[in-house]
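Asks: Could you look at this predicted model? Sequence included:
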Amino acid sequence: MAEEASATPGSGRRRSMREIDSTLRATATAAVGGTLVIWWPAFTLGAYNAVFFDNVLALWAVATAVLLSGFLLHSRGALPWGGWVALSLPSVWIVLAIVAPRGHGFPYLHYFEVLLTLLGAPMLTWLLARTLVADYEALPVFQRLGAVAVTVFVGVLAFLLGKFNYLFITCADFDVSGNNAPAGCAHGPAFHRR
């Protein structure tokens, strides 16, 4: 009988592998959620000196999904008041963009867009982690803040990678990916593996 149990494929391997710490798992889950939101806007800000509208709309979509989920569970105190405000900011940006005069422009709207994206991603990381990660409140404060810090750090790294894209990406790489080549990119063939 013991031989049958040990003959199960992979059973010995599972016993010898260490279990991943649940605190690490929760912190990493929260950090990954935030970095998925911030890395591309931060990169484009570095490479193009702009946050593209699709980045802001992606942030809006995630924030609105959590906001609407909060409305569904409003009677249960699903979100703190600051969460309601933070999740509403992307919609505020869209309303401002709609009502801003197009002929004369609204010069500060772009700065609000950048601020919303770069500050909104860490806040969204915290809210998503609090909402989606089981027992998030049981995590030590260091781990909770650590997930937000990782998001900010990856955002800064992505910005720097965008700023110094000419060191590792060519103009042709941008073209092949369907993006316009930013000013100052390195000329040369696209990187292909064959």
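Replies: Alright, I've got the coordinates.
Asks: Next, count neighbours for the nearest residue to N165 once chain neighbours are set aside.
Replies: Setting aside the residues directly before and after it, N165 is nearest to A47 in space (Cβ to Cβ, 6 or more residues apart in numbering), at 5.1 Å. (Each C-beta comes from the backbone N, C-alpha and C, glycine too.) By other Cβ atoms under 10 Å, the residues close to A47 number 25.
Asks: list the buried ones in the helix or strand harbouring A47?
Replies: Here A47, judged by DSSP states H and E, is contained in helix 22-48. Neighbour counts using 16 or more other Cβ atoms under 10 Å place 26-48 of helix 22-48 among the buried residues.
Asks: For it, give the mean pLDDT please.
Replies: For helix 22-48, the mean pLDDT works out to 84.
Asks: helices and strands around that helix, which ones?
Replies: helix 53-72, helix 109-132, helix 141-163 (3 or more Cβ pairs under 8 Å, 6 or more residues apart in numbering; DSSP states H and E).
Asks: Please identify the buried residues of the last one?
Replies: The neighbour-count criterion (16+ other Cβ under 10 Å) identifies 143-144, 146-148, 150-152, 154-155, 158-159, 161-163 as the buried residues of helix 141-163.
Asks: Of these, which is the nearest to F174?
Replies: Using Cβ to Cβ, G162 comes nearest to F174 of the buried residues of helix 141-163, at 11.0 Å.
Asks: quick revisit: so for S88, which of the helices and strands packed on helix 22-48 sits nearest?
Replies: Short answer: helix 53-72, nearest of the helices and strands packed on helix 22-48 by Cβ to Cβ, at 6.7 Å.
Asks: same question for the closest one, mean pLDDT?
Replies: Per-residue scores along helix 53-72 average to 82.
Asks: Report the mean confidence score over stretch 96-108.
Replies: The model assigns stretch 96-108 a mean pLDDT of 67.
Asks: So the residue nearest to N165 sits against A186, correct?
Replies: No: using Cβ atoms under 8 Å as the test, A47 is too far from A186 to be in contact (11.9 Å).
Asks: what's the overlap in contacts for these two?
Replies: Residues touching both A47 and A186 (Cβ atoms under 8 Å, 6 or more residues apart in numbering) are N165.
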